[in-house]
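Undergrad: Got a predicted model here, sequence first, then my questions.
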Amino acid sequence: MPKAPQVSDSVAGIKGSVYSKLLHKLKTHQGEVYPFHVGDTWKSPPEGCGTDGILASDHAGLNQYTPPQGLPRLVDLVVERMRVRTGAPVERENVLVSGGATAGLMAAVGAVVGPGDEVLILAPHWPLIDGITRMFGATPVPVPVLLSAGSAEEAVAAVEAKATAKTAALYVNTPSNPTGRVLPRAWLEALVAWARRRDLWLFFDEVYEETQFEGTHTYGFPLAPERSFSLHSFSKAYGMAGQRVGFDVGPRAAMAEALKLHTHSTYSAPTASQWAAVRALEGAGDEWARASREEYRRVGTASAHALGVPPPQGSTFLFLDVAERLGPGGLAAFLEGCAEDGLFAAPGPSFGPFPTHFRICYTACPPDVVARGVSVLARRLGR
């Protein structure tokens, strides 16, 4: 236990800026900028689901807390949604409305993972899962699978090779941030069967469920409801990132523990944001999500074609290997050169052991701006 002026070893091991160390250049760049480094959308939320659409005159107590679990109306809508989409017998006790999916994942991890544990993380992975794992004194263990494994058997072999007696959980994200890959149902079933054999917890990060471009999204929770948490986001589904609201679904007893953590950190998700989420689930978000999915697919496919890589299957990202373009300065020098052109990207090491990769988000700007930025990048890559 460190004493003043030392800080917590767990927190000291968490990265600060995970997306780009060059953001100071964004403010001073002369000319058009292409902020592809952070995963967001340029689009406004569905009508009535923005902060300007929720009025105190319509909602008594808008300035007050909600119950820590969430607005009762929103909890009920989540239960209905998950029953319809997953076929699982979801009840109110299985649900937590969180201050964004990030806070929900933090509560879920903290509920079942502790000091000395290890969490296997399919990689490349969303950067913040690394820090969330470390928050609770556990060790994140990246398992490079998403760029190399070609079958369910290879995926299982990869996690088995990294598992130890300390392994407590497995984290799976599909559609994937940063790769844009969608894991087939057979992979998920094989990974779930493996986790059952080893008696592990499962975290299914499904925040990009609305941006799967082909086929039907396979939900993780019903595959192993006794050991699975599924994480969902209004930020990604409906363009509500600044409003900080998401939800978890998980086993009843474990969710009671997750609720404790949420109560002692966020307490309750923003009240106005929860009412906006109600509107989205009552129908306002349906057409928005459909239209955005098609638009994102077009922009992602066009961007991939221009950069000479396979089109994404889902999410809003491309993950590029530029090993052949790196000089003595490595990836850092390459990304600094991109920044001189006004283009900002997230470095590969934020997503695991990928020193020659970087990620771009092709929904962070309007499509015409994305096209110009991708052209700048393609010229730099000689593609």
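TA: Everything's here; your move.

Undergrad: Just list what the strand or helix carrying Ser292 packs against, helices and strands only.
TA: Per DSSP states H and E: Ser292 is located in helix 286-307. In this structure, helix 286-307 makes packing contacts with helix 234-238, strand 317-321, helix 367-381, judged by 3 or more CB pairs under 8 Å, 6 or more residues apart in numbering; DSSP states H and E. To be clear about C-beta, it is placed using only N, CA and C from the backbone, and glycine gets the same treatment.

Undergrad: Now for Glu226, how many residues are close by?
TA: Residues contacting Glu226 under the criterion other CB atoms under 10 Å number 11.

Undergrad: buried residues in the helix holding Ser292?
TA: Under the neighbour-count criterion of 16 or more other CB atoms under 10 Å, helix 286-307 has 288-289, 292-293, 296-297, 299-300, 302-304, 306-307 buried.

Undergrad: Determine the angle, from 0 to 180 degrees, between it and strand 317-321.
TA: With axes from the mean of the first three to the mean of the last three CA atoms, to 10 degrees as the criterion, the two stretches helix 286-307 and strand 317-321 enclose an angle of 20 degrees.

Undergrad: and which of the buried residues of helix 286-307 is nearest Leu62?
TA: Within the buried residues of helix 286-307, the smallest distance to Leu62 is 22.9 Å, found for Trp288 (CB to CB).

Undergrad: Which pLDDT value does the model give the closest one?
TA: In this prediction, Trp288 carries a pLDDT score of 97.

Undergrad: Would you mind measuring from Phe234 to Arg181?
TA: Computed with CB to CB, to the nearest Å, the distance linking Phe234 and Arg181 is 23 Å.

Undergrad: ditto for Met106
TA: Met106 is 25 Å from Arg181, where distance means CB to CB.

Undergrad: before we move on, what about Phe36?
TA: Here Phe36 is placed at a distance of 19 Å from Arg181 (CB to CB).

Undergrad: higher neighbour count, the two?
TA: Phe36 (29 against 23).

Undergrad: I figured Gly110 was touching Met135, is that so?
TA: Yes - contact between Gly110 and Met135 holds when scored by CB atoms under 8 Å: they sit 7.2 Å apart.

Undergrad: neighbour count winner among the two?
TA: With other CB under 10 Å as the criterion, Gly110 and Met135 differ in neighbour count, and Gly110 comes out ahead with 21 against 16.

Undergrad: Mind giving me the packing neighbours of the helix or strand harbouring the more buried one?
TA: Secondary-structure assignment from DSSP H and E places Gly110 in helix 101-112. Contacts defined by 3+ CB pairs under 8 Å, 6+ apart place helix 101-112 against strand 95-98, helix 128-135, strand 167-173, strand 201-205, strand 228-233, strand 246-249, helix 252-263.

Undergrad: between it and strand 201-205, how big is the angle?
TA: In terms of direction (the same axes, to 10 degrees), helix 101-112 departs from strand 201-205 by 180 degrees.

Undergrad: residues of the following helix or strand past helix 101-112 that come out buried?
TA: Going down the chain from helix 101-112, the next helix or strand is strand 118-123, by DSSP H and E. Neighbour-count burial for strand 118-123 flags 118-123 (criterion: 16+ other CB under 10 Å).

Undergrad: Closest to Gly87 out of the residues you listed?
TA: Ranked by distance to Gly87 (CB to CB), the buried residues of strand 118-123 are led by Leu122 at 24.4 Å.

Undergrad: Tell me who's in contact with the closest one.
TA: For Leu122, the contacting residues are 143, 145-146, 155, 159, 170-173, taking CB atoms under 8 Å, 6 or more residues apart in numbering as the criterion.

Undergrad: Tell me how many other residues crowd the closest residue to Ala302 other than its chain neighbours.
TA: With CB to CB, 6 or more residues apart in numbering as the measure, Ala371 is the residue that lies nearest to Ala302, at 7.0 Å, once sequence neighbours are left out. Ala371 is flanked by 15 other residues according to other CB under 10 Å.
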